[in-house]
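Visitor: Sharing a model that was predicted from the sequence below.
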Amino acid sequence: MSSYVCDKANCTALKDDTGGYSCFQCQKMNVVKEPALPLDDWQKQEEIDHELHESSHHRIKFTLQYPPTLNTLYPTSKSGRRYKSAKCVQFHKDAHEIMEIAGSVLSGRICVKLQYYRPMKRGDLDNVVKVVLDAMKGICYTDDEQVKRIIADMDDDKKNPRVEVEVWEL
């Protein structure tokens, strides 16, 4: 049997000889995905991330509205120049107000954890990660270069789409 990660609960699932999958934690047959790292390495990385997170003295946590996609934020004018759309300006303004209440500018190497809850089952994770990181620049950290690790995950929540953000110094 091969080890996989359960798509529903990130727990261990096994692929049996018949090609079926079984998840021990969920007790269900779920669609599973193979982790980017072998399962043991993936679990070790989760433990390291948790230890780094817990050892950080200064953390900022806040929740933002679900961001518009990158494609709608920077349209192209007739002359071929890209500009910030009204949606982009408003999202940044709203995000800055929330982030200023949440905490101060962090210095040094930064880790950003993003948990997205999208309103519908469409849209790519990479198209919304950049939107939130761009909004955080100058409020949570001074420069993009400070971001050395990004942990991002996406789930669905039709009733309450949002992004939960946590930022800490490594």
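Guide: Perfect, thanks for sending it.
Visitor: Walk me through the domains of this structure.
Guide: For the chain, automatic domain parsing gives the domain ranges 2-41, 56-169.
Visitor: possible to save those as TSV with mean pLDDT and mean neighbour count?
Guide: All C-beta atoms are positioned from the backbone trio N, CA, C, and that covers glycine. TSV is the format used below for these (pLDDT from 0 to 100; neighbours: other C-beta atoms under 10 Å):
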stretch	mean pLDDT	mean neighbour count
domain 2-41	49	14
domain 56-169	87	15
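Visitor: all helices in this structure, in order from the N-terminus.
Guide: Listed in chain order, the helices of the chain (DSSP state H) span 39-55, 70-73, 86-102, 125-136.
Visitor: which secondary structure elements does the third one contact?
Guide: The one in question is helix 86-102. In terms of contacts (3 or more C-beta pairs under 8 Å, 6 or more residues apart in numbering; DSSP states H and E), helix 86-102 is packed against strand 59-65, helix 70-73, helix 125-136.
Visitor: Now that helix - C-alpha only, CSV.
Guide: What follows is helix 86-102, C-alpha atoms only, in CSV (Å, rounded to 0.1, in the frame of the first residue of the first chain):
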residue,chain,number,x,y,z
ALA,A,86,-11.5,50.5,-8.3
LYS,A,87,-11.9,47.0,-6.7
CYS,A,88,-8.2,46.9,-6.1
VAL,A,89,-8.1,50.3,-4.4
GLN,A,90,-11.1,49.5,-2.2
PHE,A,91,-9.7,46.0,-1.2
HIS,A,92,-6.4,47.6,-0.2
LYS,A,93,-8.1,50.4,1.7
ASP,A,94,-10.4,48.0,3.6
ALA,A,95,-7.5,45.6,4.3
HIS,A,96,-5.2,48.4,5.6
GLU,A,97,-7.8,49.5,8.1
ILE,A,98,-8.1,46.0,9.5
MET,A,99,-4.3,45.3,9.5
GLU,A,100,-3.5,48.6,11.3
ILE,A,101,-5.8,47.6,14.1
ALA,A,102,-4.3,44.1,14.2
